[in-house]
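*Asks:* Give me the fold of what follows.
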Amino acid sequence: MEVYLIRHGETESNKQRRYLGWTESPLTELGKRQAEMAAAFLAAKEIGALYCSDLQRARATANVIGAGCGLKPVASPLLREIHFGRWEGLTFDEIEAEWGDQISRWLDDPFRNSTPDGETLAEVCDRMSSFLAEVEASHEDGRRIAIVSHGGSIRALLFDIIGFETASFWDLKIGNASVSLIRREGDRFRVVYYNGLHHLSAGSDEKLGEEGYPDGYNQQAE
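*Replies:* This is a model prediction of the structure:
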């Protein structure tokens, strides 16, 4: 089984660099174009099923991808972004001004430390992994699956699969409308590539690898 993980397109809150978890924010015009380019890329991949977070920005991105792939997205709250609790909608500077010590602890280890009234990344990873297991059990035919989710939740899942040290978490970048690919090999998933963005830069003459991304582009080292 192969699973494409797609982050939603750019939102208004992304432009303002606000911590946006379960709070709704619409796609920008750029975000809508990013969704269209992701749809064009995935249309050639023979996707058999499409899932998405139930938040507006993921639904909107998935609807565009679904139209391009001839699929109706199925939404699930398990695919939501991390819940930032009382930090929802705030910028880093606003959070630091009131919760300076707490945000420092959270940045040092977001897997064990939660935001005020929010989630830990370990909890996010658990629900993402649970959803992935459910999807895999429902598609034993090995078809390709696409999942539209969020930067933090995709990052948490990839982090768990790769097995990075906690201190490396923030080094793993997941851009708006990026595509990451994981593949079931034996008894585990392997990350084929992550944060693929080449489909958003039409006209590039860069040499591509077999997956449609520059050779060596964000590949996981074995």
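*Asks:* how about the helix or strand of the chain with the lowest mean pLDDT: buried residues?
*Replies:* Sorting the helices and strands of the chain by mean pLDDT, DSSP states H and E puts helix 12-15 at the bottom, at a mean of 89. Across helix 12-15, burial judged by 16 or more other Cβ atoms under 10 Å covers Ser13, Asn14. For every residue, glycine as well, the C-beta is placed using N, CA and C.
*Asks:* Tell me the helix or strand right after that helix.
*Replies:* Using DSSP states H and E, the helix or strand that follows helix 12-15 towards the C-terminus is helix 29-43.
*Asks:* So Ile103 belongs to a strand, correct?
*Replies:* No. Judged by DSSP: H, G, I helix; E, B strand; the rest coil, Ile103 forms no part of a strand; its state is helix.
*Asks:* can you offset everything so residue one is 24?
*Replies:* Yep, numbering from 24; the last one is Ile126 now.
*Asks:* who are the neighbours in contact with the closest residue to it other than its chain neighbours?
*Replies:* In this structure, Ile126 finds its nearest non-sequential neighbour in Ile118, 5.2 Å apart by Cβ to Cβ, 6 or more residues apart in numbering. Contact criterion Cβ atoms under 8 Å, 6 or more residues apart in numbering gives Tyr42, Trp110, Ile126 as the residues in contact with Ile118.
*Asks:* quick one: contacts for the first one?
*Replies:* Okay, so that is Tyr42. Contacts of Tyr42 by Cβ under 8 Å, 6+ apart are Phe107, Trp110, Glu111, Gly112, Leu113, Thr114, Phe115, Ile118.
*Asks:* Could you grab the helix/strand/coil label for the spatially most central residue of the chain?
*Replies:* Centroid-nearest residue in the chain: Ile177, 3.5 Å away (criterion: Cα atoms, centre = their mean). Three-state call for Ile177 (three-state DSSP): helix.
*Asks:* So it is in contact with His31, correct?
*Replies:* No. Using Cβ atoms under 8 Å, Ile177 makes no contact with His31, being 10.0 Å away.
*Asks:* how about the helices in this structure?
*Replies:* Here the chain has its helices, by DSSP state H, at 35-38, 52-66, 79-92, 115-131, 144-161, 174-185.
*Asks:* show me the biggest strand of this protein in terms of residues.
*Replies:* Longest strand of the chain, by residue count under DSSP state E: strand 211-219.
*Asks:* Give the buried residues for it.
*Replies:* Phe212, Val214, Val215, Tyr216, Tyr217, Asn218, Gly219.
*Asks:* what's the answer for stretch 52-67, then?
*Replies:* Leu53, Gly54, Lys55, Arg56, Gln57, Ala58, Glu59, Met60, Ala61, Ala62, Phe64, Leu65.
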